[in-house]
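Q: predicted model and sequence below, questions to follow.
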Amino acid sequence: MKNRQSAGSGKRSKRESRRVALATLSGTVLEGYDFFVYGTTSALIFNSQFFPSLSPTAGTLAAFSTFAVGFAARPVGGLIFGHFGDRFGRKGTLVVSLLMMGIATTLIGLVPNFAVIGIWAPVLLVILRFVQGIALGGEMAGATLLSMEHAPDGKQNLFAGFPQMGTPAGLVLANLVILTTSTVMPDAAFTSWGWRIPFLLSGILVVVGLFVRLRVAESPSFQAAVAHDRVVANPLAESLKAGFPRLTATLFAAVASGAVGYVFMVYSLSYGTSTVGFDRQFLVLCVTAAAAVWCCLIPFWTTIADRFGRRRMFLAGSVALMVAGSAFLPLMDSGSRAVTLVAFLLMGLVMPITHSVQGAIIADTFPVHVRYSGSSLVMQTGAIIGGGLAPMIAVALQDATGSSLGVTVYAGSISLISLVAAVFMFRMPPQTHTESAPVPTREPQNESV
């Protein structure tokens, strides 16, 4: 059933839609910034600051394991925020998630290193990383839903894509701050204490995000669910009625973008400096350029999805991701700066094709009154299987094989799994969500994409 605006409210609704899109984008940018500041620093700094007694490989694995902790926490955050978001509304949960992320990130910038407090340094790091993961676990699904449920008719994919832009935009912002900080001070100073500056800046940025986010209205779809008494006591259990085959196919269709994405966004920094021999600034610039391309192309691909459907686009993007992910590290291994830059830009071109619409695809799997819980479950489980373990798996494979071959096979294999899952997902009968009537909600688009 389509959302219908009351007579005379269209102009105001469009203004509110744009305001919500801006609010969800700004929030996910700030949360992405916080998350990626940690990811980039874990690849470049944390092995020496928090695990100095370990070998370089073991130290890098330990640093990446703290990175993975954030992903392990994301389903916890998704379950918590999804439950309250389906029970009490999207807006309030998103304000809390933004505060949690900002506070945790700022405190990471204040944690003493191993030389000062010993084992408590990595312990505190892991605890704060876990809080970051809980916050992000509640953020992505909620922001996607709030923007999508405010979208004008015919622009569901476009508006659901705005929060997705927060991932690459947050990465760009994080890397620019890190690059600037590391450039204006001696390398020893940055390694010793300068890396803390990007974390401390989060406290300022979160104030901006809260100012924007507090001004938006609650989701009209959630308000309709409340008005029609469709709020349930256990939304997660209700969301599982989508069925195991559909949930599994949707989950695995989305894992490749996370796995391949974190290989090129995070692991490449460690691999490129320690194995290929590139300098840190060059690689951070490459990742930043690729993320900028990725961010700028999301509105293009979501507009294409709204006009022509997203099935063929998503499948073609899955094939492109498999090819680009398999070629990425071999291109880096050339040792050529020009070829490596092309490899990164290729990832920036390919990543947004599937990433731009996967939030909307996941959301359309569930009816409005359990959508936050169901979407969070799928998104954050996929984040662990895909993104969270990718850097650790890549380091272990590279160390075991002595080359990038194992990582390349890993990237190609998980992309193939996602492609096959997407084929099965789109062949399933579309969800009509008749059980949620009479709550106004847009028809899912899986049948026409």
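A: Noted; the coordinates are in hand.
Q: longest helix of this structure?
A: Determined from DSSP state H, the single longest helix within the chain is helix 10-44.
Q: okay, buried residues for that helix please.
A: 13, 17, 20-44 (16 or more other C-beta atoms under 10 Å). Quick note: C-beta positions are derived from backbone N, CA and C, even for glycine.
Q: pull the CA atoms of whatever helix or strand comes next after it into PDB?
A: Next in sequence after helix 10-44, counting helices and strands by DSSP states H and E, comes helix 46-50. Extracted in PDB, the C-alpha atoms of helix 46-50 (Å, rounded to 0.1, in the frame of the first residue of the first chain):
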ATOM      1  CA  PHE A  46      47.600   0.600  17.400                       C
ATOM      2  CA  ASN A  47      50.000  -2.300  17.000                       C
ATOM      3  CA  SER A  48      52.900  -0.200  18.300                       C
ATOM      4  CA  GLN A  49      50.800   1.800  20.900                       C
ATOM      5  CA  PHE A  50      48.800  -1.000  22.500                       C
END
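Q: for helix 46-50, packing partners?
A: When contacts are defined as 3 or more C-beta pairs under 8 Å, 6 or more residues apart in numbering; DSSP states H and E, helix 46-50 sits against helix 56-88, helix 120-149.
Q: in terms of helices and strands, where is residue 170?
A: With DSSP H and E as criterion, residue 170 is part of helix 166-184.
Q: list the helices and strands that helix packs on?
A: Using 3+ C-beta pairs under 8 Å, 6+ apart, helix 166-184 is in contact with helix 10-44, helix 196-200, helix 280-308, helix 337-363.
Q: mind listing what's buried along it?
A: 166-179, 181-182.
Q: can you read off the pLDDT for residue 219?
A: pLDDT for residue 219: 83.
Q: what's around it, how many residues?
A: Using other C-beta atoms under 10 Å, residue 219 has 24 other residues around it.
Q: could you find the closest non-adjacent residue to it?
A: Nearest residue to residue 219 in three dimensions, chain neighbours excluded: residue 149, at 4.2 Å (C-beta to C-beta, 6 or more residues apart in numbering).
Q: doesn't residue 221 make contact with the one you found?
A: Yes: Residue 149 lies in contact with residue 221 (C-beta atoms under 8 Å); the separation is 4.0 Å.
Q: so if I had to pick from those two, which one is more boxed in?
A: Just comparing residue 149 and residue 221: by other C-beta under 10 Å the higher neighbour count belongs to residue 149, 27 against 23.
Q: pull the contacting residues for the closest residue to residue 21 other than its chain neighbours.
A: Closest residue to residue 21 apart from its sequence neighbours, by C-beta to C-beta, 6+ apart: residue 162 at 4.4 Å. By C-beta atoms under 8 Å, 6 or more residues apart in numbering, the contact set of residue 162 is 21-22, 24-25, 147.
Q: what's the answer for residue 28, then?
A: Counting by C-beta under 8 Å, 6+ apart, residue 28 has contacts 139-140, 143, 163-167, 169-170.
Q: ok, those residues vs residue 315, which is closest?
A: residue 164 (18.3 Å; C-beta to C-beta).
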